[in-house]
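K.L.:
Test case, fold it:
(one chain, ligands or ions: 1)
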Amino acid sequence: MKSPSEKLIEDFKQHSWQVPNLYQRLFELFDEPNEIFSFCKQFLIEFEDSTTLFNDALSYVTKENFKDLILLAINTLKQSKNDNDNAAEVIAYASLQFPDLLHQHLDVLFKLKPNESSYYSEYPWRDLPFEKALILKDKFIAAKTKKHEKEKLFSCLLETRNLKIIEEVYSYTKENNFFQYINDEDLNGYLIACLENVGYTIKENKITRYCSKKVRHINFQTNYFLNKKPIHFKKHPTWYLNSENNSYNFGGAITNDENNPLTHIITLSTILKELGISDLTELTLGLHINEINEGYGNVYYKHNNLGKPQLIGDLHNIEDCIDLPIKPTTIKLAVTPERWKYQFWGSANSRENLFRIGGEPTWIQSAEVLTCPKCKEKMNFLLQLDTAVPDTNGDELYFGSGGICYAFWCDEDKISGYSMQWT
Ligand SMILES: [Zn+2]
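P.N.:
Below is the predicted model:
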């Protein structure tokens with residue numbers, strides 16, 4: 001008798017997206033690790049072209065099974081001369097969810113170059129242990145290494161996120177501009193942008209982390225979001241992580257100016273240690289969404305000793321398309337398991353929970369860490385809000401065309417700042 005995964009593959013082969021209840025049938029496999037693994041294995045063997053169906057299924061493959069899937073993907077890439085979308089997707093998703101599983105294959109991946117044209121092509125080098133990174137760094141610095149290879153090694157080494165390695169790579173590159181398309185006068189800015197893509201920036205002339213190692217996801221109450229979404233909506237495991245006990249107030253209005261309200265985001269009634277907030281017992285984060293959505297740029301708030309925000313500068317008068325405050329609720333936080341520490345906006349594909357506190361921001365464009373308007377140093381990352389959170393009028397709030405809003409913090413000056421990115 002054929003298993004449910006075999007039947008699904010067979011039907012998909014015959015009828016493609018016309019299979020009735022296609023996603024429903026895929027979801028039924030999610031609770032059975034063996035079924036989802038054999039679905040992915042078989043899909044990889046039978047189909048080449050990238051599909052969200054396959055990509056979605058990968059989030060449910062266990063780490064143990066992912067090892068085998070990686071081997072199969074690498075063999076497929078070798079045999080197809082690096083021309084198989086789904087095999088490349090396995091490497092891309094593994095590099096986010098289990099980069100350590102790719103570390104033993106880095107030599108072959110360096111040659112095969114899956115996902116080469118994308119900016120996640122060096123993600124497999126994420127979190128590479130120091131000893132292995134050291135060998136790579138020696139190769140990078142060696143005089144005989146060609147410039148284009150140095151460019152690739154530069155990105156790989158940054159992905160390791162090892163501070164000692166990054167410091168050496170940074171100072172070497174400042175002295176030896178090997179980049180084909182970066183002029184000497186643009187080099188400094190480019191290097192800072194590269195650092196910020198991997199969680200570091202330059203602060204007080206030193207390479208420094210601007211975000212915590214620890215990540216938490218925001219867990220929302222059931223039915224908080226508007227229920228007008230496709231079937232894959234809020235199915236991803238990142239919506240169901242184990243909550244901690246504390247509840248936090250989320251949403252509502254701090255001041256309800258008719259045409260430019262200050263929406264309340266969250267009150268951290270317990271200060272999370274890893275965020276680098278000192279001298280406050282509570283921090284209230286709020287934002288005039290209209291300011292960033294109407295293109296007035298980043299906004300900043302000075303916080304008093306109770307942690308309450310006051311806008312720095314003047315409020316604009318908004319006439320059309322006024323964004324209302326976020327619908328009030330209480331939320332809980334969940335410590336993010338290692339698997340979901342890195343999330344990538346593109347591959348999250350509106351499936352994953354991108355409401356995150358701490359950790360590295362899920363950048364949509366290149367990283368851009370805010371600078372404190374007072375001390376002019378780079379700020380620390382606090383949290384991010386994804387689009388489509390409900391507002392007080394029963395609609396959905398969008399950041400730009402459907403982007404992410406990022407909150408930053410300068411602890412010296414007790415200033416918060418907000419920016420957003422979208423496509
Ligand atoms: Zn400052």
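K.L.:
quick one, strands of the stretch 101-250 of the chain?
P.N.:
Using DSSP state E, counting those that start in this stretch, the strands of the stretch 101-250 of the chain run over 200-203, 206-209, 215-219, 243-250.
K.L.:
Neighbouring strands - and their directions - for the second one?
P.N.:
The reference is to strand 206-209. Here strand 206-209 is paired, per DSSP bridges, with strand 200-203 (antiparallel).
K.L.:
List the contacts of residue 217.
P.N.:
For residue 217, the contacting residues are 238, 241, 333, 334, 336, 340, 353, 355, 356, 357, by Cβ atoms under 8 Å, 6 or more residues apart in numbering. For glycine as for every other residue, the C-beta is placed from the backbone atoms N, C-alpha and C.
K.L.:
What parts of the stretch 301-423 of the chain come near the ion?
P.N.:
372, 374, 375, 410, 412, 413 (Cβ under 5 Å from the ion).
K.L.:
how about low-confidence regions in the stretch 151-300 of the chain?
P.N.:
For the stretch 151-300 of the chain, the stretches with pLDDT under 70 are 228-232.
K.L.:
Now for residue 34, how many residues are close by?
P.N.:
Using other Cβ atoms under 10 Å, residue 34 has 12 other residues around it.
K.L.:
element containing it, please.
P.N.:
helix 33-46 (DSSP states H and E).
K.L.:
mind listing the helices in the stretch 1-150 of the chain by residue range?
P.N.:
Secondary structure of the stretch 1-150 of the chain (DSSP state H, counting those that start in this stretch): helices at 4-15, 22-29, 33-46, 52-58, 63-79, 85-97, 99-102, 106-112, 130-141, 147-159.
K.L.:
The residue of the stretch 101-250 of the chain found nearest the ion: what's it in contact with?
P.N.:
The minimum distance from the stretch 101-250 of the chain to the ion, using Cβ to the ion, falls at residue 203 (10.4 Å). Residues near residue 203 by Cβ under 8 Å, 6+ apart: 210, 377, 378.
K.L.:
What of residue 77?
P.N.:
By Cβ under 8 Å, 6+ apart, the neighbours of residue 77 are 84, 87, 88, 91, 112, 114.
K.L.:
Any figure for the gap between it and residue 157?
P.N.:
23 Å (Cβ to Cβ, to the nearest Å).
K.L.:
before we move on, back to that, off-centre distance for the helix holding residue 34?
P.N.:
Its chain's C-alpha centre and that of helix 33-46 lie 26 Å apart, by Cα atoms, centre = their mean, to the nearest Å.
K.L.:
what's the angle from it to helix 4-15?
P.N.:
Going by axes from the mean of the first three to the mean of the last three Cα atoms, to 10 degrees, helix 33-46 is angled at 30 degrees with respect to helix 4-15.
K.L.:
Show me where the stretch 151-300 of the chain has its helices.
P.N.:
Assigned by DSSP H, counting those that start in this stretch, the stretch 151-300 of the chain shows helices spanning 163-175, 184-197, 289-293.
K.L.:
Kindly reformat the ones you listed as a markdown table and extend each row with mean neighbour count.
P.N.:
Listed next are the helices of the stretch 151-300 of the chain as a markdown table, based on neighbours: other Cβ atoms under 10 Å:
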| stretch | mean neighbour count |
| --- | --- |
| helix 163-175 | 16 |
| helix 184-197 | 15 |
| helix 289-293 | 23 |
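K.L.:
Looking at those helices, spot the one closest to residue 30.
P.N.:
Minimum separation from residue 30 across the helices of the stretch 151-300 of the chain (Cβ to Cβ) falls at helix 184-197, 32.0 Å.
K.L.:
next one: the closest one to chain centre, how far?
P.N.:
With Cα atoms, centre = their mean, you get 20 Å for helix 184-197.
K.L.:
Can you tell me which of the contacts of residue 217 has the most neighbours?
P.N.:
Busiest of the contacts of residue 217 [other Cβ under 10 Å] is residue 356, holding 26 neighbours.
K.L.:
For the ion, what's the nearest residue on the stretch 201-350 of the chain?
P.N.:
Nearest to the ion in the stretch 201-350 of the chain, going by Cβ to the ion, is residue 300, at a distance of 9.6 Å.
K.L.:
and the gap between that residue and residue 330?
P.N.:
Applying Cβ to Cβ, the value for residue 300 to residue 330 is 27 Å.
K.L.:
if you count what's nearby, which of these two comes out ahead?
P.N.:
Under the criterion of other Cβ under 10 Å, the comparison of residue 300 against residue 330 puts residue 300 first, with 21 against 13.
K.L.:
And the spatially closest residue to residue 50 that is not a sequence neighbour, what's its pLDDT?
P.N.:
Excluding its sequence neighbours, the residue lying closest to residue 50 (Cβ to Cβ, 6 or more residues apart in numbering) is residue 85, at 3.7 Å. Per-residue confidence (pLDDT) for residue 85: 95.
K.L.:
and if you look at residue 31?
P.N.:
Reading off the model, residue 31 has pLDDT 90.
K.L.:
Could you give the number of residues near it?
P.N.:
Neighbours of residue 31 under the rule other Cβ under 10 Å: 9.
K.L.:
go on, residue 324?
P.N.:
Using other Cβ under 10 Å, residue 324 has 18 neighbouring residues.
K.L.:
show me what contacts it?
P.N.:
Taking Cβ under 8 Å, 6+ apart, one finds 261, 263, 391, 392, 393, 395, 397 in contact with residue 324.
K.L.:
so which of those would you say is closest to the ion?
P.N.:
The closest of the contacts of residue 324, once distances to the ion are taken by Cβ to the ion, is residue 263, at 23.5 Å.
K.L.:
which residues touch the closest one?
P.N.:
251, 252, 253, 254, 286, 287, 288, 289, 323, 324, 325, 326.
K.L.:
Stretch 268-276: which residues count as buried?
P.N.:
The neighbour-count criterion (16 or more other Cβ atoms under 10 Å) identifies 268, 271, 272, 275, 276 as the buried residues of stretch 268-276.
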